[in-house]
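Asker: attaching a predicted model along with its sequence, questions to come.
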Amino acid sequence: MSRISDIIEDIKEQYLEEDNNIPWIIGFSGGKDSTTVLTLVWRALLLVRKERGQQALSRQVFVVNNDTLVENPIITDYIVEVLDCIKKGATQQNLPIRVEITLPKLEDSFWISFLGKGYPVPNNQFRWCTERLKIKPTSQFILDKVDAMGEAIVLIGTRLSESATRAKSIRKHEIKGHRLTKHPLNPNTFTYAPIKELYLEEVWYVLSKEPSPWGYDNDKLFQIYADASADDYECPTMITDKTQPSCGQSRFGCWVCTVVKEDKSMKALVEHGNAWMAPMLAYRDLMVEGRNISENRYSTRRNGQAAVDAEGHNMGNYTFEYRKDMLKRLLILQRDLQKIKPHMELISNQELVAIQINWFRDGFFSPKVTDIFNDVYNRTMPFENMQYEERLLLEQVCRDTPEDYHLINDLVSLQKSKTILMNNNGLQGDIERRLDNYINERR
């Protein structure tokens, strides 16, 4: 197809531009569009080497995947396979392509924000997840490359035909007669959208016409789209009868996404042979249902500002009771899934520790995260903030006043929480609040 050949030629010319070999960064989600971008870039690099030799491949290309830690598990498994294949393919073919994975900071993760700090789950008015889980990690990677090289070029898989909104956004930032446009967020960074003129049918043509240049089986990608589709808008094959699966407007993202009214992709995956995901969908729906229930939320925000609407409904962060209930439900969900998929992890041990730290900071010392974990998993995992010898000594000193033992242990917890998060801001205030609580309990 001549249009595809023209795009490959365009990519090749841009790669060979004399711009001090500014690194290229390809945002790779594993979906059809980002896979198409990488496919065409890969083919362009092979042409550069064929025409000019290995020395011409002097520009580094970073394939960057952003892991939000709450991705749809089917997509996560697929991405792990694909990225591993890309790494091996680039090494074997001696191409300057390097795979990188970005992660949100621990304190920004979904579970710590939701269950630790009590942030209401995202909706269109309060969409904190995009900034914390996606934009910040990737932006930091870009900034690091800009610091090292002075500039960076980000290749994106946006297309004009995706939607009127997307087309308007592309047109707004493009510079007529130029391939590159200024990045809207990051300084000294440019964007390049090589497939912006492609139609959906052409995207599927690229992915089906020839084998993946890094040796992966694109039929697996087709199948994921087929299983996750509720209509036939994005089907990579021509539908001739009802026995063929459809490949609809699938938008793969976080399995906990509460911004959309209904997670059609996940629902379709459940209906197409992935029944084990149904409890995950139910948990996601439970988060949506519980979001605006007044009893689940405080009358103030975390900064102390009043948060009650005109009708008297609480609109602050989630109560401790709701947070610990939803944590228990999540751990039950994880436990039950692990009976089917032993390596399934919905929440990490690091996140559990960080949730406990945030509970300490909010003045909640009982029950502890480990109490809930041990109850769900029927274990006796300890969670003490002092060494064994220290505990024995303190227990002896506080033999007649056990409440003093708990106070000191709580204060140690607060101090260690700041150490773990490498942030001592507010430590004095946290300690003063715990002491005030202690004094009030003794009156």
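Answerer: Yep, that arrived.

Asker: ok so Glu100 is a helix residue?
Answerer: No: counting by DSSP: H, G, I helix; E, B strand; the rest coil, one finds Glu100 to be strand, located in no helix.

Asker: packing partners for the helix or strand hosting Gln338?
Answerer: Using DSSP states H and E, Gln338 maps to helix 320-340. Contacts defined by 3 or more CB pairs under 8 Å, 6 or more residues apart in numbering; DSSP states H and E place helix 320-340 against helix 278-290, helix 349-361, helix 369-377. Where you see a C-beta, it was placed from the backbone N, CA and C, and this is true even at glycine.

Asker: again, only using 10 Å
Answerer: Judged by 3 or more CB pairs under 10 Å, 6 or more residues apart in numbering; DSSP states H and E, helix 320-340 is in contact with helix 110-111, helix 278-290, helix 349-361, helix 369-377.

Asker: pull the residues that contact the second one.
Answerer: The reference is to helix 278-290. Helix 278-290 is contacted by residues 72-73, 114, 120-123, 254-263, 266-267, 269-271, 274, 296-297, 318, 322, 325-326, 329-330, 332-334, 336-337, 344, 346 when judged by CB atoms under 10 Å, 6 or more residues apart in numbering.

Asker: kindly report the domain assignment for the chain.
Answerer: 2-114+129-217, 292-377, 388-442 (automatic domain parsing).

Asker: mind checking how far the first one is from the chain centre?
Answerer: Relative to the mean C-alpha coordinate of its chain, domain 2-114+129-217 is positioned 17 Å out (CA atoms, centre = their mean, to the nearest Å).

Asker: dump the domains of the chain into TSV; add mean neighbour count as well.
Answerer: Shown next, in TSV, are these (neighbours: other CB atoms under 10 Å):
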stretch	mean neighbour count
domain 2-114+129-217	17
domain 292-377	16
domain 388-442	13
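
Asker: do you know which of the helices and strands packed on helix 320-340 lies nearest Pro194?
Answerer: Nearest to Pro194 among those is helix 110-111; the distance by CB to CB comes to 32.0 Å.

Asker: got the contact list for that closest one?
Answerer: 68-70, 104, 119, 121-122, 128-129, 132-133, 254, 256-257, 326-327, 330, 346-348, 351-352, 354-355.

Asker: ditto for stretch 8-15
Answerer: 21, 24, 37, 39-48, 51-52, 56-59, 61, 96, 153, 155, 179-180, 192, 194-195, 206.

Asker: where does the stretch 51-200 of the chain dip in pLDDT?
Answerer: For the stretch 51-200 of the chain, the stretches with pLDDT under 70 are 161-178.

Asker: can you give me the strands for it?
Answerer: 61-66, 97-102, 152-155, 180-182, 189-192 (DSSP state E, counting those that start in this stretch).

Asker: would you convert the ones you listed into TSV that also reports distance to Val146?
Answerer: Formatted as TSV, those follow (distance: least, CB to CB, whole Å):
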stretch	distance to Val146
strand 61-66	12
strand 97-102	15
strand 152-155	5
strand 180-182	13
strand 189-192	6
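
Asker: mind checking which of these is nearest Arg361?
Answerer: Among those, if distance is taken as CB to CB, the winner is strand 97-102, at 26.7 Å.

Asker: show me what the closest one is packed up against.
Answerer: Against strand 97-102 (3+ CB pairs under 10 Å, 6+ apart) you get strand 24-27, helix 32-52, strand 61-66, helix 73-92, helix 136-149.

Asker: redo those as a markdown table? Include distance to Ala228.
Answerer: Formatted as a markdown table, the helices and strands packed on strand 97-102 follow (distance: least, CB to CB, whole Å):
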| stretch | distance to Ala228 |
| --- | --- |
| strand 24-27 | 20 |
| helix 32-52 | 12 |
| strand 61-66 | 19 |
| helix 73-92 | 8 |
| helix 136-149 | 24 |
